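In: What follows is a predicted protein model with its sequence.
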Amino acid sequence: MSKLNTNSNAYIIIYSTILVVIVAFLLAFVSSSLKAKQEANVALDVKKQILNSLNLRGLDDAQAEAKYAEVVKDEKELDGQKFYTCEINGEEILVVSLKGMGLWGGISGYIALHGEDEITVYGAYFNHESETAGLGAEIKDSQAWQEKFIGKKVFDGDEVALSVVKNVDDPETQVDCVTGATLTSNGVNDMIKAGLVKSIQFFKASLEEGGNHCSKKGGDCCAMKEGGNCHSMEEGGNCHSMEEGGDCHSMEEGGDCHSHDQHSDCCNDKAATE
């Protein structure tokens, strides 16, 4: 019986092929075994980012899971962008997901909006894939910079007024860019502009679907489906849509009820029924 020639090309090729197949099988097995845990970790990280945008930071895993379940009431998606309806201390807050490009790679974030007569920033959190440490990476690492967004006015009519700029001229709507990271800051600005434009579309879609979001101007009621609950942005203008077509009834004794649709009838005003 001849001795196996371990130096032959055939032996080397066969040995290498068998080794590659075994390693590939082991890697696939490990990856499959850890897939559920990896997906759970990714989902938890997203929840923590959303909570960060709501100024709920520094929570451990268990606390984050519990707090997320407590404050996040609904999740919707419009054209690939996600919106989270949240409630903190009885106040409704809308968290908008954002995606864009920084200097070296993708950036993302969440911005929380609140207010009635005027929509302002409740909180913000940003993330990145490969921005430079100490410079562009500060959009994620600097809580102080993220907190500069709090209280800023978001819209001017149907335009997005909130912006990130190198030189602040309007402190009501503008945030100073990260020092030494102008291009990354420009990416954040573009991401905010694009993402919040879509949030206007989300509000409009909510009106069409009978959601409980009210228009930001004029205090019009917006519950358009049967049984839909709607609160007017105007003081004292609480009403409920009673039927399809937008007829409404004043819920306050003797209160006025304003039509939210050109063709809807306003009814049950106490004075009008007597």
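Out: Yep, it's here.

In: Go ahead and measure how far the longest strand along the chain is from the middle of the chain.
Out: Longest strand of the chain, by residue count under DSSP state E: strand 91-101. From the chain centre to the centre of strand 91-101 is a distance of 2 Å (C-alpha atoms, centre = their mean, to the nearest Å).

In: do the same with stretch 156-164
Out: Chain-centre distance of stretch 156-164: 17 Å, with C-alpha atoms, centre = their mean.

In: What of stretch 102-111?
Out: 14 Å.

In: got the buried residues for stretch 182-199?
Out: By neighbour count on 16 or more other C-beta atoms under 10 Å, the buried set for stretch 182-199 is 182, 184-193, 195-196, 198-199. The C-beta positions use only the backbone N, C-alpha and C, and glycine is treated the same way.

In: Show me what the longest strand of the chain is packed against.
Out: Under the contact definition 3 or more C-beta pairs under 8 Å, 6 or more residues apart in numbering; DSSP states H and E, strand 91-101 sits against strand 81-88, strand 106-114, helix 182-209.

In: rerun at 10 Å
Out: If contacts are counted by 3 or more C-beta pairs under 10 Å, 6 or more residues apart in numbering; DSSP states H and E, strand 91-101 sits against helix 9-53, strand 72-78, strand 81-88, strand 106-114, strand 120-128, helix 182-209.

In: Pull the distance from stretch 99-115 to the chain's centre.
Out: With C-alpha atoms, centre = their mean as the basis, stretch 99-115 stands 9 Å off its chain's centre.

In: how long is it from one end to the other?
Out: 24 Å (C-alpha to C-alpha, to the nearest Å).

In: Check which residues of that stretch are buried.
Out: For stretch 99-115, by 16+ other C-beta under 10 Å, it's 100, 102-104, 107-115.

In: tell me the two of the residues you listed that are most distant?
Out: 104 and 115 (34.8 Å; C-beta to C-beta).

In: Perfect, that will be all.
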